[in-house]
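Visitor: Sequence and computational prediction follow.
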Amino acid sequence: MSAPAALRRGQSVFELLEPHLPGVSKPIQYVGGELNSTVKDWDCGATSEESGGQTVRWALMYPDAYEVGLPNQGVQILYEVLNERDWIVAERTYAVWKDMEAVLREQSIPQFTVDAHRPVGDFDLFGLSFSTELGYTNMINALDLAGIPLRAVDRTEDHPVVLAGGHAAFNPEPIAEFLDAAVLGDGEEVVLAISDIVREWKAEDRPGGREELLRRLAVTGNVYVPRFYDVTYAADGSIEAVVPNRPGIPFRVRKHTLMDLDAWPYPAKPLVPLAETVHERFSVEIFRGCTRGCRFCQAGMITRPVRERSIETIGNMVENGIRKSGFEEVGLLSLSSADHTEIGDVAKGLADRYEGSNVSLSLPSTRVDAFNITLANEFSRNGRRSGLTFAPEGGSERMRKVINKMVTEEDLIRTVATAYSHGWRQVKLYFMVGLPTETDEDVLQVAELAKAVIAKGREVAGHNDIRCTVSIGGFVPKPHTPFQWAAQLDVETTDERLKQLRDVVRADKKFGRAIGFRYHDGKPGIIEGLLSRGDRRVGRVIEEVWRDGGRFDGWSEHFSYDRWIAAAERGLAGTGVDLDWFTTRERDYDEVLPWDHLDSGLDKDWLWGDWEDALAVADGSADIEVEDCRWTPCYDCGVCPEMGTEIQVGPTGQKLLPLSVV
């Protein structure tokens, strides 16, 4: 489909859209106009001294519904960074629900931005941020609705450059044929560098067309352009090689690392949603990266090294964000927020400043061994006590050693005892099922741990009004982790272990009613595993699912396992590989992995050594703990020397007070 012929390039489609809004669910999600949103002139670069008369235009998408996409920090930050340049237009678009999709198709209205309702296909760049691979079908749907050819090879210079970022972009191979480019790592600086290249190319009257623009992006070594790499396969179905097919194209593409977080205090103008969203709060990222070394955790591996924001910057961002947004909850975000070296001073300073006000503080991510009651009391000083969430991940001590999550049962019991004795009533524990070398007994240990938590809670609180919620997710091996070589647990075994665990919890007369039990079956995880470690052959599967009606696959009510299974059988027919080949098969060291040409900074030999250490711990032949390298000598993961970076931690010696108390 394409935009109506009467539309000028960059013209709003709102007049076409407005009559149909009363007939769709939650129409407010499509109207725009949020507090702190930005609408700029389509040709704003014409009056800019810096632009050379050129305007560079970005359509940014989080490929999920408005209620999930609007709070996404990554998109909000890039939206603001880009719009600060007077020659760049940046607008947002989100996945439309099926009722709106039907309207767009029936009325020939293209996928539009919510800011000025301009057709996405009119922009120079269409940037998508993927935090999960299950958003791929929504991307294809948006391309189709925008009138952008699905395959990159079919696009002309009149179509946007389709660019992926986010954690899932560290293996973009399953969607390689739909992408023009992908960017690894932090986006703040690279989106401006890309904008400069596009501006210069346009100022030179677009020499060499689309191919030359992509070549200019690729030769920087910081932007991955899949069409410039050929993939060959061996007789057994594995990848033989991934090699550049043009002169000057690098063999490996590097990730971006933003080293001075204090210089980029975004979002400074947080978007305030018009419709209800999944997170109604202002979030401040207090540090980026993690060096705890949990072997399953892709986020911790690919965001290295640790870079902390200073206490002064955090305080200023909180104050500014509350003032600009009106939000009454502030979340201090990172992969493990209590690990900030000055978290005690941050907590006390903010609690002092906002004591007696309506502002509440939250620490959404806390490790068992980083938690202390002083910290918890500071964050609940205004009287709002939400439940505490901890993630032991593995049910047994053995499993926690295998995954390098060095939390003992004693650590956990001591921590929750402290919380219950200080008035908390609800604790949530998060575990995974399907971890490498796991047995039925390892999983059943989750029940024993939950019972011990309840028993201790009742003891220290002096009453039985104590709750513990056990939440279980399926383990999915991820690229750029020591577990990237691991076999994924099949659906049937996953579901059987979860059933055993549920039955054991429910059968316990003394503790069962106090333990909540939440879990996902193994089906979505196995599809995520296919997309996580897939190669270019998986693209056919994704397209088959989309053509069969697949949308919003990250939502359990819209996900169809049968649709994915049928699509995998059709899409992989004749390739010599199947769903199991991508998921439940263990890899060996010599196999070329689909993402080996994408450089996260992590040394492959170090990752392999850590995988072997995990197996040695599992069988009892070794007792190896990889400690946090912030406080120990470097253990050669490769990131700092490879990327020219360094770990940045406090203390800075700064204090939030005597800044004025609100």
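Guide: On my side now, so go ahead.
Visitor: So which bits of stretch 99-110 are buried?
Guide: Using 16 or more other Cβ atoms under 10 Å as the test for burial, stretch 99-110 gives 100-101, 103-104, 109-110. In short, each C-beta sits where N, CA and C put it, glycine included.
Visitor: Which of these fall in helices?
Guide: 100-101, 103-104 (DSSP state H).
Visitor: nearest to E329, of these?
Guide: M100 (29.8 Å; Cβ to Cβ).
Visitor: residues contacting that closest one?
Guide: Going by Cβ atoms under 8 Å, 6 or more residues apart in numbering, M100 touches 24, 30.
Visitor: Pull the number of nearby residues for I249.
Guide: Neighbour count for I249, taken as other Cβ atoms under 10 Å: 17.
Visitor: same thing with E15?
Guide: E15: 9 neighbours (other Cβ under 10 Å).
Visitor: that older thread, which of the ones in helices among the buried residues of stretch 99-110 sit farthest apart?
Guide: Using Cβ to Cβ, these span at most 7.3 Å, a distance reached by E101 and V103.
Visitor: Tell me who's in contact with L70.
Guide: L70 neighbours (Cβ under 8 Å, 6+ apart): 34, 62, 92, 94, 271, 273, 277.
Visitor: Mind pulling up the pLDDT for it?
Guide: For L70, the pLDDT comes out at 96.
Visitor: still on that earlier bit, quick one: which of the buried residues of stretch 99-110 is nearest G315?
Guide: Once Cβ to Cβ is applied, the member of the buried residues of stretch 99-110 that ends up nearest G315 is M100, at 41.2 Å.
Visitor: helix/strand/coil for the residue nearest to F130 when sequence neighbours are not counted?
Guide: In space, and not counting its chain neighbours, F130 is closest to A168: 3.7 Å by Cβ to Cβ, 6 or more residues apart in numbering. Three-state call for A168 (DSSP: H, G, I helix; E, B strand; the rest coil): helix.
Visitor: so A168 touches M139, yeah?
Guide: No: with contact defined as Cβ atoms under 8 Å, A168 does not reach M139; the gap is 10.3 Å.
Visitor: The two: who's more crowded?
Guide: Set side by side, A168 and M139 show more neighbours around A168, with 26 against 23, by other Cβ under 10 Å.
Visitor: and the buried residues of stretch 99-110 as JSON lines, adding distance to R547?
Guide: Putting the buried residues of stretch 99-110 into JSON lines (distance: Cβ to Cβ, whole Å) gives the following:
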{"residue": "M100", "distance to R547": "19"}
{"residue": "E101", "distance to R547": "14"}
{"residue": "V103", "distance to R547": "20"}
{"residue": "L104", "distance to R547": "17"}
{"residue": "I109", "distance to R547": "21"}
{"residue": "P110", "distance to R547": "19"}
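Visitor: Kindly indicate which of the residues you listed lies nearest Q54.
Guide: Closest approach to Q54 among the buried residues of stretch 99-110 (Cβ to Cβ): P110, at 23.7 Å.
Visitor: quick one: pLDDT of that closest one?
Guide: 98.
Visitor: for R570, same thing?
Guide: 98.
Visitor: Not counting sequence-adjacent ones, nearest residue to it?
Guide: Nearest non-adjacent residue to R570, counting by Cβ to Cβ, 6+ apart: E544, 5.5 Å away.
Visitor: and that neighbour, that one's in a helix?
Guide: Yes: checked against three-state DSSP, E544 lies within a helix.
Visitor: in the protein, which helix or strand is least confident?
Guide: Least confident element among the helices and strands of the chain, by mean pLDDT, DSSP states H and E: helix 373-379 (a mean of 79).
Visitor: List the buried residues for stretch 518-530?
Guide: Under 16+ other Cβ under 10 Å, the buried positions of stretch 518-530 are 519-520, 522-530.
Visitor: And for stretch 310-327?
Guide: Result for stretch 310-327 [16+ other Cβ under 10 Å]: buried residues 310-311, 313-322, 324-325, 327.
Visitor: Just give me the closest of those to L602.
Guide: S310 (27.2 Å).
Visitor: From H558, how far out is the nearest residue in space to G32 that is not next to it in sequence?
Guide: Residue nearest to G32 in three dimensions, not counting chain neighbours: V114, with 4.0 Å by Cβ to Cβ, 6+ apart. Separation of V114 from H558 (Cβ to Cβ, to the nearest Å): 21 Å.
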